[in-house]
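1. Quick one, what's the 3D model for this:
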Amino acid sequence: MARTQVGARIDEDVLELAKARAKDRGQSVGEYLSQLVLEDADGLRARGLDAARRFLDEHQDVFDEVEDGGQATSEAHAA
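-> So this is what the prediction gives:
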């Protein structure tokens, strides 16, 4: 696939975050952004977020338990 250079204006904070996430994934910023667009286009990101939401809906009580006696508290939430 041919590669094309593009320019975009984004906040410095967003650029720094993109650089950090790209580095964490062993990618260049361009590769990282390309991957995000592809994941968004095929719905992978949305499906992953939906799966995480369903998981927390089903298992939130596990995250809410406190260590002393297993009492649930409404103050702590994983999400």
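2. In terms of helices and strands, where is Leu15?
-> helix 12-24 (DSSP states H and E).
3. Alpha carbons of that helix, in CSV - could you do that?
-> Taking Å, rounded to 0.1, in the frame of the first residue of the first chain, the C-alpha atoms of helix 12-24 are listed here in CSV:
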residue,chain,number,x,y,z
GLU,A,12,0.2,19.4,22.0
ASP,A,13,-1.2,17.3,24.8
VAL,A,14,-2.8,15.0,22.3
LEU,A,15,0.4,14.7,20.2
GLU,A,16,2.4,13.8,23.4
LEU,A,17,-0.2,11.2,24.3
ALA,A,18,-0.1,9.8,20.7
LYS,A,19,3.7,9.6,20.9
ALA,A,20,3.6,7.8,24.2
ARG,A,21,1.0,5.3,23.1
ALA,A,22,2.8,4.7,19.9
LYS,A,23,6.1,4.1,21.8
ASP,A,24,4.2,1.7,24.2
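4. quick check, distance from that helix to the centre of its chain.
-> Centroid separation between helix 12-24 and its chain, computed with Cα atoms, centre = their mean, to the nearest Å, is 13 Å.
5. Ok, stretch 3-23 next?
-> That offset, for stretch 3-23, works out to 16 Å (Cα atoms, centre = their mean).
6. How about stretch 31-49?
-> Using Cα atoms, centre = their mean, the offset of stretch 31-49 from its chain centre is 10 Å.
7. now do stretch 30-49
-> 10 Å.
8. One more: stretch 27-44?
-> Mean-position distance between stretch 27-44 and its chain equals 12 Å (Cα atoms, centre = their mean).
9. Contacts only, for Arg47.
-> Going by Cβ atoms under 8 Å, 6 or more residues apart in numbering, Arg47 touches no other residue. For every residue, glycine as well, the C-beta is placed using N, CA and C.
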